[in-house]
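Enquirer: pasting a predicted model and its sequence here:
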2 protein chains.
Amino acid sequence: MSILIVGSVALDGIKTPLGECREVLGGSATYSSTSARFFSPDVNIVAVVGKDFPEKHVRFFKKRGIGTDGLAREKGKTFRWEGEYGPDMADARTIATHLNVFADFNPCIPQALKKSKFLFLANIDPDLQDKVLKQIARPQLIVCDTMNYWIEKKPRQLKRLIGKVDVMLLNESEARQLTGVTSVIKAAKSIRKLGARIVIVKKGEHGALLFLKDSIFSAPAYLMESVFDPTGAGDTFAGGFLGYLAGRKRINDAELKKALVYGNIMATFAVEDFSLGRLNSITRKDIEKRFREFKTLTRF
Amino acid sequence: MSILIVGSVALDGIKTPLGECREVLGGSATYSSTSARFFSPDVNIVAVVGKDFPEKHVRFFKKRGIGTDGLAREKGKTFRWEGEYGPDMADARTIATHLNVFADFNPCIPQALKKSKFLFLANIDPDLQDKVLKQIARPQLIVCDTMNYWIEKKPRQLKRLIGKVDVMLLNESEARQLTGVTSVIKAAKSIRKLGARIVIVKKGEHGALLFLKDSIFSAPAYLMESVFDPTGAGDTFAGGFLGYLAGRKRINDAELKKALVYGNIMATFAVEDFSLGRLNSITRKDIEKRFREFKTLTRF
């Protein structure tokens, strides 16, 4: 079923202890759409780039069969982000953020995408995320991401938005920040009370938690000997989660749990190279192999 | 089958954001034996206490059916530890350590325990752990714990000791400290090369990893809304792990995985109250209930 992703397309500069790169393709819409596309043939992005956005990156989306009708090209420069990771490869230290054309991003959903069945509202201003919802027919499933910045700057708007989505994605510290509660279980319950019937708490190298109406599912991380570049892991997770569900006949608790595992698995590919390097080289077969390995890792 | 545990019996003073207590029963041998006793009828401790050690605590062991023939009572005061936990209930800050009679602990294994089938070498000086091994017949399974202090002070002795045990228990930071490797997988592989055929890396609130010859098992933590006092969690884990295995006919990979889950589960009880409060009030039925809940939490 059709997937609509609204987020960023960016040019990243990244330093990790293992190397560095400049002006590589990045952004939440990029990672999530590439990930979702492995599971679903109809994936479309709505994002904005500047006049300087390299044609080769547009070709990347097209070659992967990702719809770019919603990729606006505005006067000005493309959003750029530069970050650095320490030896533990945990949270990036931002060196520079140049929003450029992304500062005035005002997502306009093309007519043909207004009836998309699955929507991913990647991390942007909650007011803009809400504007997207107002332009479209109610999708079957809305997944929403956010970040500490919006929790701090627009908590009221964000909380209202959570009442309109199905799945809310946060990491542990964001869940605590949003609710003021230390216990992750209590935080997730409190976020469910805001309206999102499903809450996913991402724990990075420790896996993810899925909070459903009547149960909780805890998935440890797929174990990796080394991480090359963690950039995009969260969005790749979201894309895998949504993409897998879009290919299902019904969405029930069992499928949601499997979707979480597929999200986890997709993220492990994202972090094995800079940018989309690894995601661009794998096939569905590689994904299924890792899914089976994950089963072995967690079965007792 | 018979279990021998060599470690500490202490009087703890603990402060957490939820309360505080003084002069309560603690120590690695206490937590691990109480935990193991749920699974196995023949559990014995070798430890030392001072003349001031309250009779009621000796009665605690006896009432629980834990053998205290190896509990020496020396002239002087009992080992005391005082610690404080912050709001995140992570690592304790030690306020005071009074080793007292524990400073001269020289474990002497009673004749009747020298043929114990299962041995837990709780965290003490690796030279003393080695001395224990020299006094006894080779047990069927030796589980060994340690801490950052010994990794720093006696790395050579510790590494040699690891060559003589079956299961090495460490937390993530200890595994990294011992091997100088950041990746937990690589660290565990390197510890296995020292001789321990099984390595368990404890990740606290994120669960535990079991490294076997040909596979890895990752168990997330059982989810808890709140932790009351984390003291003794690691030793309670070890006791559950060892205790479960001591009750099995054969020890294979499947049983080792289940033992890890039981260890996890036992630790969740330990942290629900000060000292042995909660462990002293549960039954095997409570354990099995939590084991089933853990299955539900992790199955997909």
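Expert: Cool, the structure landed. Residues are numbered from 1 along each chain as shown, chains lettered A, B, ... in the order given.

Enquirer: for chain B, what's the nearest residue on the stretch 51-200 of chain A?
Expert: Relative to chain B, the nearest point of the stretch 51-200 of chain A is residue A:185 (4.9 Å; C-beta to the nearest C-beta). All C-beta atoms are positioned from the backbone trio N, CA, C, and that covers glycine.

Enquirer: residues in contact with that residue?
Expert: Neighbour list for residue A:185: A:211, A:216, B:223, B:224, B:225 [criterion: C-beta atoms under 8 Å, 6 or more residues apart in numbering or on different chains].

Enquirer: so what's the residue count around the first one?
Expert: The tally of other residues near residue A:211 (other C-beta atoms under 10 Å in any protein chain shown) stands at 23.

Enquirer: for it, phi and psi?
Expert: Backbone torsions for residue A:211, taken as degrees, to the nearest 10, come to phi -100, psi 110.

Enquirer: which residues sit in contact with it?
Expert: With C-beta under 8 Å, 6+ apart, residue A:211 has these contacts: A:185, A:188, A:189, A:191, A:192, A:198, A:199, A:200, A:201.

Enquirer: pretty sure residue A:234 is touching residue A:147, no?
Expert: No. Between residue A:234 and residue A:147 there is no contact under C-beta atoms under 8 Å: 9.3 Å.

Enquirer: ok, back up a step: can you tell me which two in the contacts of residue A:211 are farthest apart?
Expert: Spanning the widest gap among those are A:185 and A:198, at 14.7 Å by C-beta to C-beta.

Enquirer: what are the boundaries of the helices in chain A?
Expert: With helices called from DSSP state H, chain A shows them at A:28-36, A:55-63, A:126-135, A:148-153, A:155-162, A:172-179, A:184-193, A:233-246, A:253-270, A:284-298.

Enquirer: right, and those - which one's nearest residue A:11?
Expert: Residue A:11 sits nearest to helix A:55-63 of all the helices of chain A, at 8.3 Å, using C-beta to C-beta.

Enquirer: which parts of the closest one are buried?
Expert: Of all the residues in helix A:55-63, those buried under the rule 16 or more other C-beta atoms under 10 Å in any protein chain shown are A:57, A:60, A:61.

Enquirer: end to end, how far does stretch A:166-182 reach?
Expert: 23 Å (C-alpha to C-alpha, to the nearest Å).

Enquirer: next one: stretch A:200-220
Expert: Terminal residues of stretch A:200-220 lie 13 Å apart, using C-alpha to C-alpha.

Enquirer: quick one: that stretch to chain centroid distance?
Expert: Computed by C-alpha atoms, centre = their mean, to the nearest Å, the chain-centroid distance of stretch A:200-220 equals 15 Å.

Enquirer: same question for stretch A:118-131.
Expert: Distance of stretch A:118-131 from the chain centroid (C-alpha atoms, centre = their mean) equals 11 Å.

Enquirer: so which bits of it are buried?
Expert: Under the neighbour-count criterion of 16+ other C-beta under 10 Å, stretch A:118-131 has A:118, A:119, A:120, A:121, A:122, A:123, A:124, A:125, A:126, A:129, A:131 buried.

Enquirer: and the stretch 151-300 of chain A, which of its residues are near chain B?
Expert: The stretch 151-300 of chain A has residues A:182-186, A:203, A:206-207, A:209, A:215-221, A:223-226, A:254, A:257-258, A:260-261, A:296-300 near chain B, with proximity defined as C-beta under 8 Å from any C-beta of the partner chain.

Enquirer: what is the mean pLDDT for stretch A:55-66?
Expert: Here stretch A:55-66 scores 98 as its mean pLDDT.

Enquirer: do the same with stretch A:153-160
Expert: Stretch A:153-160 shows a mean pLDDT of 98.

Enquirer: show me what contacts the residue nearest to the spatial centre of chain A?
Expert: Chain A has residue A:235 as the residue nearest its centroid, 2.2 Å off, counting by C-alpha atoms, centre = their mean. Counting by C-beta under 8 Å, 6+ apart, residue A:235 touches A:7, A:28, A:29, A:30, A:31, A:32, A:35, A:122, A:145.

Enquirer: quick check: closest non-adjacent residue to it.
Expert: residue A:31 (3.8 Å; C-beta to C-beta, 6 or more residues apart in numbering or on different chains).

Enquirer: same check, this time on residue A:85
Expert: Nearest residue to residue A:85, sequence neighbours excluded (C-beta to C-beta, 6+ apart): residue A:16, at 4.5 Å.

Enquirer: now residue A:37
Expert: residue A:43 (4.7 Å).

Enquirer: how many residues are close by that neighbour?
Expert: Neighbour count for residue A:43, taken as other C-beta under 10 Å: 29.

Enquirer: who does it bridge with?
Expert: When bridges are called by DSSP bridges, residue A:43 pairs up with residue A:3, residue A:66.

Enquirer: which residues touch residue A:140?
Expert: Contacts for residue A:140 (C-beta under 8 Å, 6+ apart) come out as A:1, A:117, A:118, A:251.

Enquirer: what sits against the residue nearest to the last one when sequence neighbours are not counted?
Expert: In this case it means residue A:251. Excluding the flanking residues, the one nearest residue A:251 by C-beta to C-beta, 6+ apart is residue A:245, at 5.5 Å. Counting by C-beta under 8 Å, 6+ apart, residue A:245 makes contact with A:118, A:141, A:251, A:255, A:256, A:259.

Enquirer: before we move on, the earlier item: from the buried residues of stretch A:118-131, which is closest to residue B:86?
Expert: The shortest approach to residue B:86 among the buried residues of stretch A:118-131 belongs to residue A:123, at 29.8 Å (C-beta to C-beta).

Enquirer: which pLDDT does the model give residue A:86?
Expert: Looking at residue A:86, its pLDDT stands at 89.

Enquirer: low-confidence stretches in chain A?
Expert: Applying pLDDT under 70 to chain A flags no residue at all.
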